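J.: just to be clear, the model below is a prediction. Sequence and coordinates:
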Amino acid sequence: MEFLDERSKQILYAVVQSYISKPEPVGSRFVTKKYSFGFSPATVRNIMADLEELGFLSQPHTSAGRVPTDKGYRFYVDSIMGVRDADRFISPSNDFMQQFARKIESIRSDLDNMFLEITNTLSMMSNYIGVVTPPRAEKTIFTRIEFIRYREDKVVAVLLTEEGVIKNKVIKVDLRLTQDDLNRIADYLNREYSGRTIDEIKGLLVKRAYKEKALWDRLISKAIKIYEQAISFKENDVFVSGLYDVMNLPDFSDISKIKEISKAIKDKHIILKLLDELSDSEGVHVFIGSENPVEEMKKLSVVASTYKEKDRPMGVIALIGPTRMDYPKAIYMVDAIARCISRTFD
């Protein structure tokens, strides 16, 4: 974090908090009256000018007040992240989190419903866009698989994981395989691989395929080939809520900004591209405007965290909103709800 003396920090935080509270340029007179720093208006004005020169603030128009830049927001976010466990950090009621935990536990068996509830809660509590990626198939624990003949050479593979993830996939098989053969293959795979993660199984299949080829066991070789097809999924699921709520924020008051955020959010691949970068990370991450690694979202801020089952990262939850985001609240919500989901999976 770049060094600022204590007076400069106080003025910067005052401007950031005032602008987050009300999106109007913040003047030195306003800061002097609202905050009891004991500085003269001239001192506040000079400090704000210095902060502008250093890139923490900008002045939209001559004679207007100042607004935070991405660099100013970053300094502010780094300061609150450093005191997250202290009393300064904002925390909603424990009652709310307990009620939320009970709610998602009660719908734990219906993952789609559970993730819709999570994104709705995130957006309703923040007025930003709530996003959740469901557990990545590769990280889930395989429970069982069934094969159902669909056409002569096509079979529907139904895969169930311990986390309740169900994947269906149509795969191509040898015409000579009967339904009895498919049932035997499913029994073999369920017996051999149940209880392992999909990632582990992929590694084992490579070794097993080489061994079975040497042993020339035709049915097991077919089982391995079919299973490889069945567990190869294109990850394209993401739950999103709150797009229309965020459009009511003054930050999106003109049509061009509404179009930008609509395009970024409706193209789920853009969100997945961003969240994939966080899928194996630890803790809460904050991307502010230009810091965003995804080009289409460089005018937005993202607060995100992974949720886990024990030590295995399963998916990501996030809030997406304007750079003028209520960061303390967003960081707490994302962190608290990610921990809550992790406890549910445990």
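T.: In hand now; what should we look at? Numbering: from 1, shown residues only.
J.: number of residues surrounding the nearest residue to Ile141 once chain neighbours are set aside?
T.: For Ile141, ignoring the flanking residues on the chain, the nearest one in space by CB to CB, 6 or more residues apart in numbering is Glu162 at 3.9 Å. C-beta here means a position set from N, CA and C on the backbone, and glycine is covered the same way. Neighbours of Glu162 under the rule other CB atoms under 10 Å: 16.
J.: check the one 10 residues further on too.
T.: Neighbour count for Lys172, taken as other CB under 10 Å: 11.
J.: quick one: contacts for it?
T.: Asp153, Lys154, Val155, Gln229 (CB atoms under 8 Å, 6 or more residues apart in numbering).
J.: next one: the closest residue to Asp280 other than its chain neighbours from Phe75, what distance?
T.: Distances taken as CB to CB, 6+ apart place Pro313 nearest to Asp280, at 5.4 Å, with adjacent residues excluded. Here Pro313 is placed at a distance of 29 Å from Phe75 (CB to CB, to the nearest Å).
J.: which one of the two is surrounded by more residues?
T.: Phe75 (23 against 19).
J.: give the buried residues for the helix or strand hosting that one.
T.: Following DSSP states H and E, the helix or strand that holds Phe75 is helix 70-81. By neighbour count with 16 or more other CB atoms under 10 Å, helix 70-81 contains the buried residues Asp70, Lys71, Gly72, Tyr73, Arg74, Phe75, Tyr76, Val77, Ser79, Ile80, Met81.
J.: quick one: pLDDT of the fourth one?
T.: pLDDT, Tyr73: 97.
J.: dump the residue contacts of it.
T.: Val16, Ile288, Gly289, Ser301, Thr323, Tyr327.
J.: narrow those to just the buried residues.
T.: Using 16+ other CB under 10 Å, the buried ones in these are Val16, Ile288, Gly289, Ser301, Thr323, Tyr327.
J.: from those residues, which land in strands?
T.: Here DSSP state E is the test, and those give Ile288, Ser301 as lying in strands.
J.: may I see the buried ones among the contacts of Tyr73 organised as CSV, with pLDDT and distance to Leu278 added?
T.: Output for those, formatted as CSV (pLDDT from 0 to 100; distance: CB to CB, whole Å):
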residue, pLDDT, distance to Leu278
Val16, 96, 24
Ile288, 95, 15
Gly289, 93, 17
Ser301, 93, 14
Thr323, 94, 19
Tyr327, 95, 17
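J.: need the max-distance pair from the buried ones among the contacts of Tyr73.
T.: Spanning the widest gap among the buried ones among the contacts of Tyr73 are Val16 and Gly289, at 13.4 Å by CB to CB.
J.: how about the secondary structure of Ala14?
T.: The three-state label given to Ala14 by DSSP: H, G, I helix; E, B strand; the rest coil is helix.
J.: quick one: low-confidence ranges for the chain?
T.: 1, 82-92, 165, 206, 208-221, 224, 230-236 (pLDDT under 70).
J.: where exactly do the helices run in it?
T.: Applying DSSP state H to the chain gives helices spanning 6-21, 28-34, 41-53, 70-81, 94-106, 111-126, 179-193, 198-215, 218-230, 243-246, 255-266, 268-276, 327-345.
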